[in-house]
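**Q** give me a model of this one.
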Amino acid sequence: MKDDGVPAHVTGAARERAFSLADLPDLREFAAAEALRRGMREDAIGDFLVALNEVATNAVTHGSTKARLGMWREGRALVVAVHDDGRDWRLEGEPGHDPPPENATSGMGLWVARMLSSDLDVTTGPRGSRVTMRFLLD
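**A** Got it, this is the predicted structure:
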C-alpha cells in the first residue's frame, strides 16, 4: 500500500491527484470525468460527487492543508481513497456510522458519504488518515 491508499497492484490503473481546499472544484470535475470513464452511470454522478466532496473537504479542513485522491476500479466497483497527513484523529467507534444529532450544523460529512457509497472505511495512524469509499457501477 502506498501513502495515498492506492494498493500497489492497481498503481498502473489508478488515477491520482493532490489537492487543497482551493482545488475542490477542479477535483470534483476530475473525479466526475474519471467516474464516467470507469463505468459510473451519469445519473449516479451527483450522489458520488456529494460523497466525494464531503470526504475531500474533511481531509483539507480537519486533516492537513494538502490531501491526495486515488481512484481505481475493482471488479464492479469504483474505489475512491482520500488520504491526508492528519495524525491526531482518534477514532471512536465507526466514523459516520451513526446519524448526526437532529439539529447538527456540522459533523455530517462521513455519515452522508457512508449513506451514498456502498462501503466506507476509515483508517488513521502515523502515516495519516485515509477514507476509502466504494461505489457499485451496476
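**Q** where exactly do the strands run in this structure?
**A** 15-19, 67-74, 77-84, 119-125, 128-136 (DSSP state E).
**Q** for burial, what's the neighbour tally of D23?
**A** Per other Cβ atoms under 10 Å, the neighbour tally for D23 reads 17. Where you see a C-beta, it was placed from the backbone N, CA and C, and this is true even at glycine.
**Q** V79: how many residues sit nearby?
**A** 22.
**Q** swap that for M133, please
**A** Residues lying near M133 (other Cβ under 10 Å) number 25.
**Q** contacts only, for it.
**A** A51, L52, V55, V79, V80, A81, A113, S117, D119, L120, D121 (Cβ atoms under 8 Å, 6 or more residues apart in numbering).
**Q** what lies in contact with stretch 14-25?
**A** If you take Cβ under 8 Å, 6+ apart as the criterion, stretch 14-25 is touched by 4, 6, 26-27, 30, 34, 53, 56-57, 60-61, 65-72.
**Q** tell me the mean pLDDT over that stretch?
**A** For stretch 14-25, mean pLDDT rounds to 93.
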